[in-house]
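K.L.:
With the input below, show me the fold.
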Amino acid sequence: MPVDALDAAILRLLLQQPRTSVREYARILGVARGTLQARLDRLERDGVTTAAGPRVSPAALGHPVLAFVRIEVTQGRLDEVGEALAAVPEIIEAFSTTGGGDLLTRVVARDNTHLEDVVQRLIRLPGVVRTRSEIALRERVAYRVLPLVESVGRAAGDGRAASRPSSAAREPERRPAQAPARGPRAAG
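P.N.:
Sure, this is the predicted structure:
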């Protein structure tokens, strides 16, 4: 689905001011509330935006160690291993990939000993051939899509001054919760 200038402006506001009401977004953008709500509904229906929820910090839950674990899987067992990964609570994301391994997981742990226990659990799963772990030392670029949204907006000819909140109104972008992001609350 192509994103036009108004869509890009809406997405920018959703990222910069995630707790703002639909009515306030419409006011900032200078469009009717109904127009904005229709755009939000279409963006959600087309999969551009997804369900909203709070961002939960694994570190604040006592799991400050983050590792990326690549898993090599026996041919033909990828779906089976992928389903088994869902039963491991310390795995907060898993992707099938190309390259050196079949699955890439994001794993959190209380400490390195706990991480080793999680990796050992993964190795014992039927269909897992081997794992390779890399521990994250420091986050250098937090999850973000705002620069991409702004780039898409520029490509769509987004030059409307009304679509850009004042620098005083801007908030830093927040990483979406583990559940996909849905958009603003419908109350206005």
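
K.L.:
Over to residue 144. Which of the three states is it?
P.N.:
coil (DSSP: H, G, I helix; E, B strand; the rest coil).

K.L.:
and it, how many neighbours?
P.N.:
By the criterion of other CB atoms under 10 Å, residue 144 has 13 neighbours. The way it works is simple: take the backbone N, C-alpha and C, and place the C-beta from them, glycine included.

K.L.:
Same question for the one 3 residues further on.
P.N.:
If you count neighbours by other CB under 10 Å, residue 147 ends up with 10.

K.L.:
again, but for residue 105
P.N.:
So residue 105, with other CB under 10 Å, has 24 neighbours.

K.L.:
buried set for the helix-or-strand element of the chain with minimal mean pLDDT?
P.N.:
Least confident helix or strand, the chain: helix 146-155 with a mean of 90, by mean pLDDT, DSSP states H and E. For helix 146-155, burial by neighbour count (16 or more other CB atoms under 10 Å) applies to 149-150, 152-153.

K.L.:
And the furthest pair within those?
P.N.:
150 and 152 (7.4 Å; CB to CB).

K.L.:
Need the overlap of contacts for the two.
P.N.:
Common neighbours of residue 150 and residue 152 are listed as residue 8 (criterion: CB atoms under 8 Å, 6 or more residues apart in numbering).

K.L.:
What's the first helix or strand after whatever helix or strand residue 24 lives in?
P.N.:
Following DSSP states H and E, one finds residue 24 within helix 22-29. Remark: after helix 22-29, the chain's next helix or strand is helix 33-45, criterion DSSP H and E.
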